[in-house]
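[1] compute the structure for the input listed below.
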Amino acid sequence: QVQLVESGGGLVQAGGSLRLSCTASGRTFTFSNYAMGWFRQAPGKEREFVAIINRNGAMTVYSDSVKGRFTISRDNAKNTVSLQMNSLKPEDTAVYYCAGGTKWSTKDYDYWGQGTQVTVSS
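    Numbers count the residues shown, from 1 in each chain. Purely as a prediction, here's the structure:
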């Protein structure tokens with residue numbers, strides 16, 4: 001069984017920063033074999049892709065809404081993927097999910113975490 005557990009969410013003022021982390025575990029889950037991504041879902045909206053990173057961390061893709069403000073990274077030795085979020089805006093408020101998948105994709109992922117709430121106050 002694969003588990004993805006997010007942490008680091010919280011309440012922050014606009015312009016502030018937060019760092020989200022996601023730790024993966026599972027007997028059959030070899031972290032370095034999976035692309036990882038961060039997604040978010042705001043109330044009343046569909047889930048959207050935020051950032052993805054390939055297996056060895058050499059390639060990243062960001063949504064236009066976070067480009068230049070967010071940075072995704074991974075540590076394959078620790079089975080973790082992180083999202084550094086700077087210059088946060090109220091519109092970044094959402095539940096943030098990490099996901100792992102075998103495809104290089106902005107939407108098709110096999111495993112999902114439970115999510116962590118990020119709230120940005122104006």
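
[2] any idea how far the spatially most central residue of the chain is from Arg27?
    Most central in the chain under CA atoms, centre = their mean is Trp38, positioned 2.4 Å from the mean C-alpha point. Counting by CB to CB, to the nearest Å, the gap between Trp38 and Arg27 amounts to 24 Å. Bear in mind the C-beta positions are built from the backbone N, C-alpha and C, glycine included.

[3] for Ser65, same thing?
    With the distance defined as CB to CB, Ser65 ends up 37 Å from Arg27.

[4] which one of the two is surrounded by more residues?
    Ser65 (14 against 7; other CB atoms under 10 Å).

[5] what about the nearest residue to that one once chain neighbours are set aside, which SS state?
    Of all residues beyond its chain neighbours, the one nearest Ser65 is Glu91 (7.7 Å), with distances taken as CB to CB, 6 or more residues apart in numbering. Applying DSSP: H, G, I helix; E, B strand; the rest coil to Glu91 yields a three-state assignment of helix.

[6] Glu91 - how many residues pack around it?
    Here the number of neighbours of Glu91 (other CB under 10 Å) works out to 11.

[7] same check, this time on the one 10 residues further on
    A total of 17 residues lie near Gly101 under the criterion other CB under 10 Å.

[8] list the contacts of it.
    For Gly101, the residues meeting the contact criterion (CB atoms under 8 Å, 6 or more residues apart in numbering) are 34-37, 108-111.

[9] wait, which of the residues you listed is closest to Ser73?
    Taking CB to CB as the measure, Met36 is the one of those closest to Ser73, at 9.8 Å.
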